[in-house]
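Q: Task: produce atomic coordinates for the following.
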Amino acid sequence: MTKSALQIARAAYQPKLPKALKGNVRAGEGAPTQSVADQEEIKRLFPNTYGMPLIRFEAADQAAQFPAMNVGVILSGGQAPGGHNVISGLFDGIKRIHPESKLYGFLMGPGGLVDHNYIELTADIIDEYRNTGGFDIIGSGRTKLEKEDQFEKGYEILKQLGIKALVIIGGDDSNTNACVLAEYYAAKNYGIQVIGCPKTIDGDLKNDMIETSFGFDTAVKTYAEVIGNIERDCNSARKYWHFIKLMGRSASHIALECALQTQPNVCIVSEEVEAKDQSLDDIVTYIAQVVADRAAAGNNFGTVLIPEGLIEFIPAMKRLIAELNDFLAANAEEFAQVDKAEQRQYIISRLTPENAAIYASLPEGVARQLSLDRDPHGNVQVSLIETEKLLSEMVGNKLAQWKKEGKYVGKFAAQHHFFGYEGRCAAPSNFDADYCYSLGFAAAALIANGKTGYMSSIRNLTAPAEEWIAGGVPITMMMNMERRHGEMKPVIQKALVRLDGAPFQAFAAQREQWAKETAYVYPGPIQYFGPTEVCDQPTKTLQLEHQK
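A: The predicted structure follows:
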């Protein structure tokens with residue numbers, strides 16, 4: 001590949017490791033663990049991997065002797081900055097344990113394991129990808145490992161290649177699959193260990209032992225740079241309101257962190273909307289009031305941050321979508337015969353009064369998306385709804401009404417943005433480069449110590465990297481039972497924004513001031529070379545969560 005100047009310089013960067021992983025390593029075992037909820041059911045489903053102790057790696061006086069080991073690795077789900085460094089750390093870790101160890105990468109996600117598509121990852125290949133963004137070293141995919149025939153097909157190739165352990169790098173669903181696979185192989189006595197690594201830019205794979213998922217740091221800093229650029233343009237032209245939707249379907253961690261970094265005039269947090277039982281009109285009225293108040297002070301410009309999954313967190317919208325799904329599924333043939341111009345009124349006339357009123361209040365384009373653009377299961381494709389345009393249009397309508405009533409005197413013009421894919425494959429920040437490398441190295445140590453059903457864990461992340469705590473956490477410890485596709489399933493519990501948590505509380509304490517004033521912060525691009533305070537800072541979220 002043709003490399004940029006930054007790629008060439010960045011290849012020489014040596015990621016920092018926790019002190020416990022630098023020399024001889026000993027695995028210390030803590031107390032037995034239990035699942036975060038539904039203990040009896042999780043224990044019943046995972047008898048071979050439930051209740052295992054926490055692992056903490058410590059410096060040892062003597063080097064333990066381990067044989068050479070063959071290890072497989074899979075990148076699963078959406079991309080996140082730093083995945084290549086997890087693989088680099090895993091490679092260096094198993095080579096340090098024994099120089100004849102080998103690493104095999106399964107191509108294009110879990111499907112590569114099932115279909116027996118793989119390559120051996122040699123030093124030449126690994127060195128091309130150190131400290132780079134993306135998952136292109138072996139590709140990624142979204143095949144779910146959940147069926148016995150998949151597990152058996154995977155075992156065939158693992159046995160053929162002499163692989164003793166499989167590392168699955170993924171989010172909550174992928175690590176849930178890793179846990180199920182670990183339990184299956186343990187129950188069959190196949191001698192295959194399975195280790196997970198916590199990945200997702202959404203930031204919703206976190207708990208006391210997983211302080212952050214990798215990629216979150218780089219993604220939010222990438223988005224914050226562009227938001228800062230927009231804010232500066234906004235403050236220069238002074239004539240536009242910028243509505244910016246940010247990736248994060250199930251949680252608002254990205255929007256909240258970007259707000260803490262850039263101090264926009266408005267940031268909506270989905271979890272707060274749900275907790276307060278706010279309606280779509282409540283949100284629109286709130287934004288419109290901020291616009292009107294700023295206009296009264298002569299400021300006809302501003303920025304609004306919106307989490308991608310907002311619509312699904314508005315209780316009334318959730319009820320509307322549920323009724324629409326049921327109604328259109330039951331009346332699909334009749335609806336298909338209705339003239340296009342009459343479809344909106346047809347639906348309004350057949351919904352309950354509450355849902356009919358909400359549906360009637362929606363702009364034409366959004367109403368059409370809710371009723372026509374369905375997935376193969378007949379459900380609304382909520383992620384396709386352009387929430388930023390929905391809100392700006394409804395804010396504009398409300399301001400026009402207020403103007404007629406003499407409540408608003410300004411001018412309102414909107415610009416729209418969606419930042420998502422721009423952050424998923426960015427070159428990892430120093431924090432993510434170090435964190436991911438350490439996660440891979442710790443995964444190698446877990447394998448060497450015979451562990452399975454564990455997730456690699458690096459903690460104490462606001463301290464210098466040398467002081468980070470490396471270890472492993474049983475994946476069953478993070479699990480609970482949730483309804484998926486009509487039946488109860490064991491899954492890793494998603495971490496939503498905690499409204500009583502320090503990050504949200506810090507935001508809530510300042511948002512009224514940010515709404516009135518133009519208090520923008522311009523973070524600028526991620527810095528890779530320079531003083532520690534510029535290059536190695538963790539996210540505001542981590543800093544606030546670690547305040548004593």
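Q: In the stretch 51-200 of the chain, what residue spans correspond to helices?
A: Ranges of helices in the stretch 51-200 of the chain, per DSSP state H, counting those that start in this stretch, are 83-97, 110-114, 123-129, 148-160, 172-187.
Q: Alpha carbons of the longest one, as PDB, please.
A: The one in question is helix 172-187. Extracted in PDB, the C-alpha atoms of helix 172-187 (Å, rounded to 0.1, in the frame of the first residue of the first chain):
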ATOM      1  CA  ASP A 172     -21.500  -6.800  23.700                       C
ATOM      2  CA  ASP A 173     -23.200  -9.200  21.300                       C
ATOM      3  CA  SER A 174     -19.900 -10.600  19.900                       C
ATOM      4  CA  ASN A 175     -18.600 -11.200  23.400                       C
ATOM      5  CA  THR A 176     -21.900 -12.800  24.400                       C
ATOM      6  CA  ASN A 177     -21.300 -15.200  21.500                       C
ATOM      7  CA  ALA A 178     -17.700 -15.700  22.700                       C
ATOM      8  CA  CYS A 179     -19.100 -16.700  26.100                       C
ATOM      9  CA  VAL A 180     -21.500 -19.200  24.600                       C
ATOM     10  CA  LEU A 181     -18.700 -20.700  22.400                       C
ATOM     11  CA  ALA A 182     -16.400 -21.000  25.400                       C
ATOM     12  CA  GLU A 183     -19.100 -22.800  27.400                       C
ATOM     13  CA  TYR A 184     -19.800 -25.200  24.400                       C
ATOM     14  CA  TYR A 185     -16.100 -26.100  23.900                       C
ATOM     15  CA  ALA A 186     -15.600 -26.500  27.700                       C
ATOM     16  CA  ALA A 187     -18.700 -28.800  27.900                       C
END
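Q: next one: the helix or strand bottoming out on mean pLDDT in the chain to chain centre, how far?
A: When the helices and strands of the chain are scored by mean pLDDT, DSSP states H and E, helix 364-372 comes last with a mean of 80. In terms of CA atoms, centre = their mean, to the nearest Å, the centre of helix 364-372 is found 27 Å from the chain centre.
Q: Same check on stretch 453-471?
A: 19 Å.
Q: Figure out the length between the terminal residues of it.
A: With CA to CA, to the nearest Å as the measure, the ends of stretch 453-471 fall 13 Å from one another.
Q: and that stretch, what's its mean pLDDT?
A: Across stretch 453-471, pLDDT averages out at 97.
Q: Pull out the buried positions in it.
A: For stretch 453-471, a neighbour-count test (16 or more other CB atoms under 10 Å) marks 453-459, 461-462, 465, 468-471 as buried. The C-beta positions use only the backbone N, C-alpha and C, and glycine is treated the same way.
Q: Next: stretch 237-253.
A: 240-248, 250-253.
Q: Send me that stretch as PDB with only the CA atoms.
A: Extracted C-alpha coordinates of stretch 237-253, given in PDB (Å, rounded to 0.1, in the frame of the first residue of the first chain):
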ATOM      1  CA  ALA A 237     -21.000  33.200   9.800                       C
ATOM      2  CA  ARG A 238     -23.500  33.700  12.600                       C
ATOM      3  CA  LYS A 239     -26.500  32.700  10.500                       C
ATOM      4  CA  TYR A 240     -27.000  28.900  10.800                       C
ATOM      5  CA  TRP A 241     -28.200  26.400  13.400                       C
ATOM      6  CA  HIS A 242     -26.300  23.200  12.900                       C
ATOM      7  CA  PHE A 243     -28.100  20.000  13.800                       C
ATOM      8  CA  ILE A 244     -25.500  17.200  14.200                       C
ATOM      9  CA  LYS A 245     -26.500  13.500  14.700                       C
ATOM     10  CA  LEU A 246     -23.900  11.300  16.200                       C
ATOM     11  CA  MET A 247     -23.500   7.500  16.100                       C
ATOM     12  CA  GLY A 248     -24.700   5.600  19.100                       C
ATOM     13  CA  ARG A 249     -27.900   3.600  18.600                       C
ATOM     14  CA  SER A 250     -28.400   2.200  22.100                       C
ATOM     15  CA  ALA A 251     -26.700   4.800  24.300                       C
ATOM     16  CA  SER A 252     -25.800   8.500  24.300                       C
ATOM     17  CA  HIS A 253     -22.100   8.100  25.500                       C
END
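Q: burial of the nearest residue to residue 194 once chain neighbours are set aside, as a residue count?
A: Distances taken as CB to CB, 6 or more residues apart in numbering put residue 182 closest to residue 194, at 3.7 Å, once the chain neighbours are dropped. Using other CB atoms under 10 Å, the number of residues around residue 182 comes to 27.
Q: one step back: return the member of the buried residues of stretch 237-253 nearest to residue 427.
A: Among these, residue 247 lies closest to residue 427 (CB to CB), at 17.8 Å.
Q: What's the local residue count around the closest residue to that closest one other than its chain neighbours?
A: Distances taken as CB to CB, 6+ apart place residue 420 nearest to residue 247, at 3.8 Å, with adjacent residues excluded. Neighbour count of residue 420, defined by other CB under 10 Å: 18.
Q: now residue 535: how far from residue 217?
A: Residue 535 sits 12 Å away from residue 217, going by CB to CB, to the nearest Å.
Q: Residues that sit against both of the two, list them.
A: residue 429 (CB atoms under 8 Å, 6 or more residues apart in numbering).
Q: Just want to know which of those two has more residues nearby.
A: residue 217 (31 against 14).
Q: Point to the residue nearest the middle of the protein.
A: residue 202 (2.1 Å; CA atoms, centre = their mean).
Q: distance of residue 222 from residue 166?
A: On the measure of CB to CB, residue 222 and residue 166 end up 30 Å apart.
Q: So those two - more neighbours on which side?
A: residue 166 (28 against 25).
Q: Need the helices of the stretch 51-200 of the chain in TSV (columns: mean pLDDT and distance to residue 258).
A: Formatted as TSV, the helices of the stretch 51-200 of the chain follow (pLDDT from 0 to 100; distance: least, CB to CB, whole Å):
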stretch	mean pLDDT	distance to residue 258
helix 83-97	98	22
helix 110-114	98	31
helix 123-129	97	28
helix 148-160	98	38
helix 172-187	96	21
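Q: Using the three-state scheme, assign residue 277.
A: For residue 277, the secondary-structure state derived from DSSP: H, G, I helix; E, B strand; the rest coil is coil.
Q: List the contacts of it.
A: Contact partners of residue 277, counting by CB under 8 Å, 6+ apart, are residue 315.
Q: number of nearby residues for residue 413?
A: For residue 413, using other CB under 10 Å, the count is 12.
Q: Name the next helix or strand downstream of the helix ranked longest in the chain, please.
A: In the chain, taking DSSP state H as the definition, the longest helix is helix 216-237. Sequence order places strand 241-246 as the next helix or strand after helix 216-237, per DSSP states H and E.
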